[in-house]
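A.B. asks: just coords:
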């Protein structure tokens, strides 16, 4: 397999290779479980196995969500993870109303996606939505910070068939409209992140202990390895740029970074960051969130790999996207939906035309 024509001008050093999901969220409404006694009469190997089985049983109890069978079935049909819902029923039970309220909130966010970005005529400080932090969210956030010394923030990885993105990039390069403009898959990923953030607004935010500041604008950060070290300049109001304008902005950002001409103002006010670790030949990694933001997307190498399509194994251009999120703001369900939306655009760029 060989590496595809990924942009090598913008990159961030990887912070590790950890596949899967790491989620430090504490279990809620856990029943009291007495300690498991040791059985000294069992031989060392058997004792170790019994302890492991007991610990697994305790873990299942601690992470069990209380809900009646009809609620569980409805959640499964709707594709909703019950652990992401704040229960209001007696004894910490997730009720039907809890499920419906969660679904309504999720639907409302999608309905508002097209009008999420506020008009650029207003200063950016007037395009910030303030959400008070209190109650369950505040208590959960405190627990997340306390656990940060022993567990990382939540990270998610997804493999993507980016073959159509590669075809789209090839067509753009041949287009007269993009003549003289450097085009790479990073351009499509940037558009995908902007599109997905409008559908999942809380990933484009800042945590302040007292408030969550949801930004109705996108200052898209691009982590760049420069002669002066790692920098994260951002493209202001990236949501307003056409595909061509965004391509030009990415090229200009890369050129200034390589030449050491990035200005301090370009690194301030970022709302969400992309780190192009694929430019370094890295498949994936756990990126570190840029201070003041709550999400970052890592873009790994694009390589031809065996891929099952319609029951047949064929070579396709495949990449791995990694995302890290501040769990005080972005829970597991939201981070999964955001990454799924980004992946959907990489698999079918035509969705951007909807």
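C.D. replies: Structure's in. What do you need? Given the structure is predicted, the values throughout are model-derived calculations rather than measurements.

A.B. asks: what about the helices in the stretch 51-200 of the chain?
C.D. replies: Along the stretch 51-200 of the chain, counting by DSSP state H, counting those that start in this stretch, helices occupy 69-78, 96-111, 135-147, 163-174, 185-199.

A.B. asks: Give me the buried positions along the fourth one.
C.D. replies: Along helix 163-174, these residues count as buried under the neighbour rule (16 or more other CB atoms under 10 Å): 163-166, 168-169, 172. Yep, even glycine has a C-beta here, placed from its N, CA and C like the rest.

A.B. asks: a markdown table please, covering those residues and showing pLDDT and distance to residue 213.
C.D. replies: What follows is these, written out as a markdown table (pLDDT from 0 to 100; distance: CB to CB, whole Å):
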| residue | pLDDT | distance to residue 213 |
| --- | --- | --- |
| 163 | 96 | 38 |
| 164 | 96 | 35 |
| 165 | 97 | 32 |
| 166 | 97 | 37 |
| 168 | 96 | 34 |
| 169 | 96 | 34 |
| 172 | 95 | 35 |
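
A.B. asks: What residues are bridge-paired with residue 157?
C.D. replies: Taking DSSP bridges, one finds residue 322 as the beta-bridge partners of residue 157.

A.B. asks: shouldn't it be in contact with residue 321?
C.D. replies: Yes: between residue 157 and residue 321 there is a contact at 7.0 Å, judged by CB atoms under 8 Å.

A.B. asks: intersection of neighbour lists for the two?
C.D. replies: residue 284 (CB atoms under 8 Å, 6 or more residues apart in numbering).

A.B. asks: follow-up on the earlier one: columns distance to residue 341 on top of the buried residues of helix 163-174, output as a markdown table?
C.D. replies: Compiled in a markdown table, the buried residues of helix 163-174 are given as follows (distance: CB to CB, whole Å):
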| residue | distance to residue 341 |
| --- | --- |
| 163 | 19 |
| 164 | 16 |
| 165 | 15 |
| 166 | 20 |
| 168 | 17 |
| 169 | 20 |
| 172 | 22 |
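
A.B. asks: Can you tell me which of these is nearest residue 138?
C.D. replies: Proximity of those to residue 138, judged by CB to CB, is greatest for residue 165, which lies at 40.2 Å.

A.B. asks: sorry, back to before: return the most buried member of the helices of the stretch 51-200 of the chain.
C.D. replies: Each of the helices of the stretch 51-200 of the chain was given a mean neighbour count from mean count of other CB atoms under 10 Å, and the largest, a mean of 24, is that of helix 185-199.

A.B. asks: Looking at residue 157 and residue 321, which is more packed in?
C.D. replies: Neighbours per residue (other CB atoms under 10 Å) separate residue 157 from residue 321, with residue 321 holding more: 24 against 20.

A.B. asks: Which pLDDT value belongs to the more buried one?
C.D. replies: Among the per-residue scores, residue 321 shows a pLDDT of 96.

A.B. asks: Equivalent analysis for the one 3 residues further on, please.
C.D. replies: According to the model's per-residue confidence, residue 324 sits at a pLDDT of 92.

A.B. asks: and if you look at residue 306?
C.D. replies: According to the model's per-residue confidence, residue 306 sits at a pLDDT of 94.

A.B. asks: swap in residue 8?
C.D. replies: Reported pLDDT at residue 8 in the predicted model: 47.

A.B. asks: Residue 207 now?
C.D. replies: You'll see residue 207 listed with a pLDDT of 91.

A.B. asks: How much space separates it from residue 160?
C.D. replies: Distance of residue 207 to residue 160, computed by CB to CB, to the nearest Å: 28 Å.
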